[in-house]
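*Asks:* sequence unavailable; structure follows:
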DNA sequence: ATGGCCTGATCTTCAGGA
């Protein structure tokens, strides 16, 4: 089984690349983030024509997540139990589904904006809710993974230049501690291999030649439980999908499983 | 080749991204 996660930065804008990529890559299950659409405008019908069912949690121009699968789609849960919400509003940042033998969450962790900003506190609270929501499955015997845009670089090697991130979000102790706490539930960071260069970056800023200069970050992560991690036969970043016109600023992370 | 931001809405400017 081939499973992937991809922050598409608008599924409407990305559709001309997403649909061919699903087929050419042979992806069975795709976790999508930043659909930037509401559920009604999500291209469920076009995906269905390719043989994929969709579970969508999306409400408008911001955020939005989905799981699309051609190997079954059951037990759908839209939204994170215990989601703290931001300024009193719960945002569409999580959706869960069981796809054949594997259960997945597609998550879009809050950005945090700046250290000390209310959005940063929200980010840390959201991680706590995520941990509570996945703990049982993380410790379970069914292959299970939380895939998505975590908006945290787990180590200093996961950013192109640590010195440029001093005082910034995505690299702080509390954010990395939240990742560590999540792993304590029984999850392992399934680190993909890079297809080029030394670091498996998954995001490159659109600005200032970020991609050609490989000024990237690894913030799109696959956290799998023990049965999931044991079944992994390969994992890589499909950086080719970051190339050219009409690319998202994130590349897909692809994982092959023997399940 | 991989080339100096992109997206959608509040729409000719802006918020948000990270």
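*Replies:* It's in. Only a predicted model underlies this, so the values are computations on that prediction, with no experimental measurement involved.

*Asks:* in the longest helix seen in chain A, what's buried?
*Replies:* Identified as the longest helix of chain A according to DSSP state H is helix A:118-138. Within helix A:118-138, the residues that count as buried by 16 or more other C-beta atoms under 10 Å are A:119-120, A:122-127, A:129-131, A:133-134, A:137-138. All C-beta spots, glycine's among them, are computed from the backbone N, C-alpha and C.

*Asks:* show me which of the residues you listed is closest to residue A:182.
*Replies:* Nearest to residue A:182 out of the buried residues of helix A:118-138 is residue A:131 (C-beta to C-beta; 5.2 Å).

*Asks:* was I right to think the closest one contacts residue A:180?
*Replies:* No: at 10.4 Å, residue A:131 does not count as touching residue A:180 under the criterion of C-beta atoms under 8 Å.

*Asks:* any weak-confidence spans in the stretch 51-200 of chain A?
*Replies:* For the stretch 51-200 of chain A, no stretch has pLDDT under 70.

*Asks:* recalculate using a threshold of 90.
*Replies:* Low-confidence segments of the stretch 51-200 of chain A (pLDDT under 90): A:60.

*Asks:* got the residues of it near DNA strand B?
*Replies:* Contact residues, the stretch 51-200 of chain A versus DNA strand B (C-beta under 7 Å from any atom of the strand): A:60, A:61, A:62, A:110, A:111, A:113, A:119, A:149, A:151, A:169, A:170, A:196.

*Asks:* show me which pair in those residues is furthest apart.
*Replies:* A:60 and A:196 (36.0 Å).

*Asks:* now the farthest one out in chain A, which residue is it?
*Replies:* In chain A, counting by C-alpha atoms, centre = their mean, residue A:163 sits farthest out from the average C-alpha position, at 25.4 Å.

*Asks:* now do the SS call for it.
*Replies:* Secondary structure for residue A:163, judged by DSSP: H, G, I helix; E, B strand; the rest coil, is helix.

*Asks:* residues contacting it?
*Replies:* Under the criterion of C-beta atoms under 8 Å, 6 or more residues apart in numbering, residue A:163 has no contact partners.

*Asks:* distance of it relative to residue A:156?
*Replies:* Going from residue A:163 to residue A:156 by C-beta to C-beta, to the nearest Å gives 10 Å.

*Asks:* and what of residue A:250?
*Replies:* 20 Å.

*Asks:* and residue A:18, by the same measure?
*Replies:* Residue A:18 is 32 Å from residue A:156, by C-beta to C-beta.

*Asks:* please identify which of these two sits among more neighbours.
*Replies:* Each of residue A:18 and residue A:156 has its neighbours counted (other C-beta atoms under 10 Å); residue A:18 has more, 22 against 12.

*Asks:* check whether the more buried one sits in a helix, strand or coil.
*Replies:* Looking at residue A:18 with three-state DSSP, the answer is helix.

*Asks:* what's the answer for the one 5 residues further on, then?
*Replies:* Following three-state DSSP, residue A:23 is assigned to helix.

*Asks:* and it, how many neighbours?
*Replies:* 11.

*Asks:* show me what the residue lying closest to residue A:3 once chain neighbours are set aside bridges to in the sheet.
*Replies:* Taking C-beta to C-beta, 6 or more residues apart in numbering, and ignoring the residues beside it in sequence, residue A:3 has residue A:29 as its nearest neighbour in space, at 4.4 Å. Under DSSP bridges, the beta-bridge partners of residue A:29 are residue A:3, residue A:69.
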